[in-house]
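# Just to be clear, the model below is a prediction. Sequence and coordinates:
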Amino acid sequence: MRALTLLLVAAVLLVVASSAFIVREDQQVIITQFGEPQGDPIVTPGIKFKLPFIQKAQVFDKRFLEWQGDAEELTTKDKVFIFVDVYARWRIADPLLFFQRLKDERGAQSRLDDILDGETRNAIARHNLLEVIRTSNRQPAADESNPEGDSFEEIQRGRDAIRAEILASSQPSATALGIEILDVRFRRINYSEKVEPSVFNRMISERQRIADRFRSEGQGEAARILGEMERELKRIQSEAYREAETIRGRADSEATSIYASAYDQSADSRSFYEFLKSMSTLEQTVDPDTLLMLSTDGDFYRYLESSRP
């Protein structure tokens, strides 16, 4: 009797365990019976029940899910080969439709590969490279790479608009699968290996052009500085010469004034001054071996004659 009771209790527990299940806050559930959905999706959390053994609970995530595409080589409208790496965020918006069309997340990832990769390829092919890599028509600042502040070529849409275009064009196909695509982003955009050498050569040429411009500007600035230095040097020399001549003229004028003042003295003073000047001149022009012949009409003879007792 006791064994039968234990058997009945175990059977009841097994039935309860098979029929009851817990739905978490981040889950949504579809009840299936022999593989067919039964009733509406269960989207509220708590303890739920189903028919034991014949019904199963298909659990799906309510959170935002990640889709990561593979980097693909695509061609832009202006025939430039680039590698584009795209990622997206999506969620299961209609679990019943999702289950009917895709069964699980693995099937969803495969279908998103087809949808998003295809729409990305179409969007890139409809736009030039500048539209893909730029987002706005901002005015570049003058710097080492752009010393004159040259304007960028204007774009009509830009990367954000292309991203929104991919999202909008992908949404109908995703909605038909019970999926909502929340966002699409470019992870990376890079040149293809086929065009990288020409791109690098163009970059080298651009840098060389900038270097030549700096070198030319430096040579011009050096010539300007040297010219200013030469002009300033000549100005200083000219002013110094003018100042020297002014001083020399002032000195000559003062000397002349002194001479005139000396001659304007009394006769004795003037005679004494003339005598000293004559002696000084004689001392500078005559040595002991010189034979001096004096004229009786000369001042020097007159000075010597007047000095005799």
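Looks like it came in fine. Residues are numbered from 1 along each chain as shown.
# Walk me through the domains of the chain.
For the chain, automatic domain parsing gives the domain ranges 2-61, 65-141+153-194, 270-309.
# any idea of the mean pLDDT for the second one?
If I follow you right, that is domain 65-141+153-194. Across domain 65-141+153-194, pLDDT averages out at 89.
# Now mean neighbour count and distance to G218 too, for the domains of the chain, in JSON lines please.
C-beta: built from backbone N, CA, C; applies to glycine. Formatted as JSON lines, those follow (neighbours: other C-beta atoms under 10 Å; distance: least, C-beta to C-beta, whole Å):
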{"stretch": "domain 2-61", "mean neighbour count": "13", "distance to G218": "64"}
{"stretch": "domain 65-141+153-194", "mean neighbour count": "16", "distance to G218": "22"}
{"stretch": "domain 270-309", "mean neighbour count": "10", "distance to G218": "61"}
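# can you put those domains in TSV and add distance to A211?
Formatted as TSV, the domains of the chain follow (distance: least, C-beta to C-beta, whole Å):
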stretch	distance to A211
domain 2-61	56
domain 65-141+153-194	19
domain 270-309	71
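# Helices of this structure, residue ranges please.
2-19, 95-101, 105-125, 129-133, 159-175, 196-263, 267-285, 299-306 (DSSP state H).
# Relative to V43, which of these is closest?
helix 95-101 (7.6 Å; C-beta to C-beta).
# how near is L177 to F81?
Distance, L177 to F81, by C-beta to C-beta, to the nearest Å: 32 Å.
# Please read the previous query as pertaining to E154.
Computed as C-beta to C-beta, the E154 to F81 distance reads 24 Å.
# just T256 next, same as before
T256 is 95 Å from F81, where distance means C-beta to C-beta.
# cool, and T246?
For T246, the distance to F81 equals 80 Å [C-beta to C-beta].
# Could you list which residues are in contact with the residue nearest to L102 when sequence neighbours are not counted?
Leaving aside its chain neighbours, L102 sits nearest to A108 (4.9 Å; criterion: C-beta to C-beta, 6 or more residues apart in numbering). Contact partners of A108, counting by C-beta atoms under 8 Å, 6 or more residues apart in numbering, are L65, W90, I92, F98, L102, L177, I179.
# Which one of those residues is nearest to M203?
The nearest one, if we look at the contacts of A108 relative to M203 and count by C-beta to C-beta, is W90, at 38.0 Å.
# Would you confirm that the closest one contacts L65?
Yes: counting by C-beta atoms under 8 Å, W90 touches L65, with 5.5 Å between them.
# Which pLDDT value belongs to R235?
pLDDT, R235: 89.
# burial measure for it, as a count.
R235 has 10 neighbouring residues, counting by other C-beta atoms under 10 Å.
# Return the distance of it relative to R242.
From R235 over to R242 (counting by C-beta to C-beta), the distance is 11 Å.
# again, but for S192
74 Å.
# Same check on L8?
Look at L8 and R242: by C-beta to C-beta, they are 132 Å apart.
# and stretch 215-222, average pLDDT?
The pLDDT scores in stretch 215-222 average 88.
# quick one: P37 and I31 touch, right?
Yes: contact criterion C-beta under 8 Å: P37 and I31 qualify, at 7.1 Å.
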